[in-house]
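Chemist: coords please:
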Amino acid sequence: MQPTVKTIPLGDKELTIDVGRVARQADAACLIRYGDTVVLTTAVASKKVREGMNFMPLTVDYRQRTAAAGKIPGGFFKREGRPSDVETMTARITDRSIRPMFPKGWRYETQIITLVLSADGENSPDVLSAIGASVALNLSNIPFEGPMATVRVGRVDGKKIVNPTFTELEDSDMDIVITATETAIAMVEGECKQISESDMIDALMFAFEQCQPIIQLQKEMMGIANVTKREFTPHKIPSEIDAKVREWVGDGMAKALGNKEKMPRYQAFDDLADAVKEKAKEAFPDMPDLNNDVYDVLDAIKRDIVRGAIAKENKRIDGRDLLTVRPISIDVGVLPRTHGSALFTRGETQAMVTTTLGTGRDEQLVENLEGEYKKQFMLHYNFPPFCVGEARFLRGPARREIGHGMLAERAIKAVLPKHEDFPYTIRIISDTLESNGSSSMAAVCGGCMSLLDAGVKLIKPVAGVAMGLIKEGDDFHVLTDILGDEDHLGDMDFKVAGSEAGITAIQMDIKIKGVDREVLTRALAQAKVARQHVLGEMAKALPEARSDLSRYAPRITTLKIKPDRIKDIIGPGGRVIKEIVAQTGCSIDVEDDGTVKIGSSDPEKAAEAVQIIKELTQEAEVGKLYMSTVKKITDFGAFCEILPGTDGLLHISELSDKHVEKVTDLLREGDEVLVKCIGIDRQGKIRLSRKEALEQKTEEK
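Modeler: Okay, the predicted model is just below:
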């Protein structure tokens, strides 16, 4: 394509798409600019089909270069390492936006790469990555059923904002990323501060409208490029294989699906599949890709039975109707030494969730393009292989685990007490012990219960539920609390979390080309009813936070000192604070504004540390007596230390009620002498009197 640059207004800035100038050996590439934030997105698909694969081989990679913000990475290596959580989440947003738009049966290795080249610190590059993916795919010869567009929506003082800046998001009660096509919404990801379902619908529809000019711009550029797409004929299962497999299956699939429990149902399906594959090998010994063809036919039969029962009878695999939430059981305080714990079970999905309370030293330091910041709340979600009956290597968290953990973290973050009122670092770990759908929502519910068990007083409890969709033509059915099979065979996975007051987190993925307002409205309404039911079950287990923190959790005592006295606590090279920590065993964190946080699970040690710090940072008070130490003697008086690091002048005239010829007649350096503070001038200089101190003592006697 010839170099082309197009610009449209979007919000209070301009969105610029620049194609044909860079990365010209990729199938297509584009530069997207918004403000001074610029990303490069490329699209490449292999020329040969990947054999033996029964899923679409799409990978999306998003990388931030610190040079984009004029920085050099920290650490020893001085170059970017593995993707951060932010990079992983952005790659997932792009992937989930574009994946449904490829033709069915696409088996060519396809890769989208986005590099952040310039970052202005105000405009997020994540939505630009998704837009760039759509532009690159539309202008390449890769089959793609776009265009589509992605925007972020915020709301400040009731006014919705498209692509709010980082500064605006600080005051926003929502942060939602939405991808839309020309006709429907295709992807949703975000967090809110307990907003209503109607406000959420308004935000989604606002985003849909804001996406349309970006879509029209892409269509205009597609007209200019006039790209011819690759010829692609999806693999078609031979009719003789399809017919024979259906004949061999008979009513076996219906019997297998008659098992309401997951593992027996899966085993029955596997046994049926093995038997059919053996027959297929004998009947079609030379047929290529036979196993995949047989599996696809079996999956199609399974899909027809499951979806047909829902559409025609409102009956699901496990026997529920469309609105019923699976049975819930909750145990709290199940682990003896954790600060908080909960075992949350919903149907065949179960999560063991723990809460750990830490001090300021446990905060996570995060470095990104906008700068460094500290996280006081973290939620980590794990999905070990045994939770689905598998045996495989246990590695670090995959993209899915990071994404689910972030969704649950967003859901709970909105109801945590303010850090000023509860100055703890909080870490939640959710280990999925069993999984049959909605394990991320189990992390939300279990996380909330473990916080209450730890004694954390939440603004309101939160719960989450996953909604599904079966859409046939113009008819659709929304499913409450979906199973794993209903996620696989259905058209939507719509997770909604929140409190009784409103939504705190939302995530939607679809397998069809999009959903409209009617579907979204019904899904949110059903989710609200289900969420209230789950909250009711949670209240039965533990209606409110424990009255006190776990005895194993640190107690944090907060003091406030003058910032210019911080040096007295720290000491030369940190010597003083290290001595206090060694003596008391407490953790001590000192902030620039003079806030001192002392953490210890031993009240006596905490009190000892508090007393030491108070003594180190005491301020002189006029009229108060002090036992001082003579530090220096001059002709006109003596300088005496009344508090650590605080000296005052004891003038010769204030030594005694009698005439004193020389200071040394009464005092020597190192002597301890009782003095009274008789004045502090504007410069902070302190005047002392031994004479008045002795008079006061005499009067008291």
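Chemist: same question for the longest helix along the chain, mean pLDDT?
Modeler: In the chain, ranked by residue count with DSSP state H as the criterion, the top helix is helix 197-225. The average pLDDT for helix 197-225 rounds to 96.
Chemist: now swap in stretch 308-318 and tell me
Modeler: Per-residue confidence for stretch 308-318 averages out to 91 on the pLDDT scale.
Chemist: Give the buried residues for that stretch.
Modeler: 309-311, 316-318 (16 or more other CB atoms under 10 Å). C-beta here means a position set from N, CA and C on the backbone, and glycine is covered the same way.
Chemist: Name all residues that make contact with Cys640.
Modeler: Counting by CB atoms under 8 Å, 6 or more residues apart in numbering, Cys640 touches 628-631, 647-650, 673, 675, 688.
Chemist: Ala43: which of the residues you listed is nearest?
Modeler: Within these, the smallest distance to Ala43 is 71.8 Å, found for Asp647 (CB to CB).
Chemist: How confident is the prediction for that closest one, by pLDDT?
Modeler: The pLDDT attached to Asp647 in the predicted structure is 90.
Chemist: Now it: phi and psi?
Modeler: Comment: the main-chain dihedrals of Asp647 come out as phi -110, psi 160, following degrees, to the nearest 10.
Chemist: That one pairs with what?
Modeler: As for beta bridges, Asp647 partners with Glu641 under DSSP bridges.
Chemist: buried ones in stretch 96-108?
Modeler: By neighbour count, and taking 16+ other CB under 10 Å as the criterion, the buried residues in stretch 96-108 are 96-102, 106-108.
Chemist: Let me know the secondary structure of Ser604.
Modeler: Check again: residue 604 is Glu, not Ser. State at Glu604, reduced to three classes by DSSP: H, G, I helix; E, B strand; the rest coil: helix.
Chemist: could I get the buried residues of stretch 308-318 as a markdown table with secondary structure?
Modeler: Converted to a markdown table, the buried residues of stretch 308-318 look like this (three-state DSSP):
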| residue | secondary structure |
| --- | --- |
| Ala309 | helix |
| Ile310 | helix |
| Ala311 | helix |
| Arg316 | coil |
| Ile317 | coil |
| Asp318 | coil |
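Chemist: Which two among those residues are spaced furthest apart?
Modeler: Across those, the two members that end up farthest from each other (CB to CB) are Ala311 and Asp318, 16.8 Å apart.
Chemist: so the nearest residue to Lys460 once chain neighbours are set aside bridges to which residues?
Modeler: If the residues on either side of it in the chain are set aside, Lys460 comes closest to Ser499, at 3.9 Å by CB to CB, 6 or more residues apart in numbering. As for beta bridges, Ser499 partners with Gly502 under DSSP bridges.
Chemist: quick one: Ser499 from Thr425, how far?
Modeler: Look at Ser499 and Thr425: by CB to CB, to the nearest Å, they are 23 Å apart.
Chemist: Downstream of the top strand by length along the chain, the next helix or strand is which one?
Modeler: Ranked by residue count and defined by DSSP state E, the top strand of the chain is strand 37-49. Using DSSP states H and E, the next helix or strand after strand 37-49 towards the C-terminus is strand 58-64.
Chemist: what's the average pLDDT for that next one?
Modeler: Across strand 58-64, the per-residue pLDDT values average to 96.
Chemist: Same check on stretch 613-631?
Modeler: 88.
Chemist: Between the two ends of that stretch, what distance do you get?
Modeler: The distance separating the two terminal residues of stretch 613-631, taken as CA to CA, to the nearest Å, comes to 22 Å.
Chemist: how about that stretch: buried residues?
Modeler: 613, 616-618, 620, 625-626, 628, 630.
Chemist: do the same with stretch 196-215
Modeler: Buried residues in stretch 196-215, counting neighbours by 16+ other CB under 10 Å, are found at 197, 199-200, 203-208, 210-211, 214-215.
Chemist: ok, the residue nearest to Leu549 when sequence neighbours are not counted to Gly340 distance?
Modeler: Nearest in space to Leu549, with sequence neighbours left out and distances taken as CB to CB, 6+ apart, is Gly455 at 4.1 Å. For Gly455, the distance to Gly340 equals 7 Å [CB to CB].
Chemist: between those two, what contacts are shared?
Modeler: Among the neighbours of Gly455, those also in contact with Gly340 (CB under 8 Å, 6+ apart) are Ser550.
Chemist: ok, the two, which is more surrounded?
Modeler: Taking other CB atoms under 10 Å, Gly455 and Gly340 do not tie; Gly340 has more neighbours (28 against 18).
Chemist: what does stretch 91-101 rub up against?
Modeler: Residues external to stretch 91-101 that are found in contact with it (CB under 8 Å, 6+ apart): 56, 58, 60-62, 83, 112, 114, 126, 129-130, 133-134, 137, 144-146, 148, 150, 177, 179, 181, 186-187, 189, 399, 402-403, 509-513.
Chemist: what is the rounded mean pLDDT of it?
Modeler: According to the model, stretch 91-101 has a mean pLDDT of 95.
Chemist: Just the CA trace of it, in CSV.
Modeler: Extracted C-alpha coordinates of stretch 91-101, given in CSV (Å, rounded to 0.1, in the frame of the first residue of the first chain):
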residue,chain,number,x,y,z
ALA,A,91,-2.1,-8.6,24.6
ARG,A,92,-5.2,-10.5,26.0
ILE,A,93,-7.5,-7.5,25.2
THR,A,94,-6.2,-7.4,21.6
ASP,A,95,-6.4,-11.2,21.2
ARG,A,96,-10.0,-11.4,22.6
SER,A,97,-11.1,-8.5,20.4
ILE,A,98,-9.9,-10.0,17.1
ARG,A,99,-10.1,-13.8,17.5
PRO,A,100,-13.8,-14.1,16.7
MET,A,101,-13.3,-12.2,13.5
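Chemist: quick check, nearest of the buried residues of stretch 196-215 to Arg303?
Modeler: Arg303 lies nearest to Leu204 out of those, by CB to CB, at 28.2 Å.
Chemist: contacting residues around that closest one?
Modeler: Contact partners of Leu204, counting by CB under 8 Å, 6+ apart, are 176, 178, 185, 188, 517, 520.
Chemist: For the residue nearest the centre of the chain, pull up the helix or strand it's in.
Modeler: With distances taken as CA atoms, centre = their mean, the residue of the chain nearest its centroid is Met406 (2.9 Å). With the criterion set as DSSP H and E, the secondary-structure element containing Met406 is helix 399-413.
Chemist: buried ones in that helix?
Modeler: Residues of helix 399-413 classed as buried by neighbour count (16+ other CB under 10 Å): 401-413.
Chemist: Contacts made by the helix or strand following that helix with the rest, please.
Modeler: Scanning the chain past helix 399-413 towards its C-terminal end, the next helix or strand to appear is strand 425-434 (assignment: DSSP H and E). Under the contact criterion CB under 8 Å, 6+ apart, strand 425-434 has outside partners 345, 348-360, 362-363, 376-384, 386-387, 405, 408-409, 412, 416, 439, 442-443, 446-447, 450-451, 456.
Chemist: chain center to the helix or strand that comes right after strand 425-434, what's the gap?
Modeler: Next along the chain after strand 425-434, taking DSSP H and E as the criterion, comes helix 439-454. The gap between the average C-alpha position of helix 439-454 and the chain average comes to 15 Å, counting by CA atoms, centre = their mean, to the nearest Å.
Chemist: now do stretch 146-157
Modeler: Shown here is stretch 146-157, whose average C-alpha point lies 19 Å from the average C-alpha point of the whole chain (CA atoms, centre = their mean).
Chemist: buried sites along that stretch?
Modeler: In stretch 146-157, residues buried by neighbour count (16+ other CB under 10 Å) are 146-155.
Chemist: Which of those sits closest to Asn368?
Modeler: Arg152 (16.5 Å).
Chemist: The helix or strand harbouring that closest one: partners in the sheet, and parallel or antiparallel?
Modeler: Of the helices and strands defined by DSSP H and E, Arg152 is found in strand 149-156. Applying DSSP bridges to the sheet, strand 149-156 is found paired with strand 159-162 (antiparallel), strand 174-180 (antiparallel).
Chemist: Ala408 versus Glu197, what's the distance?
Modeler: Note on Glu197: its distance to Ala408, by CB to CB, is 20 Å.
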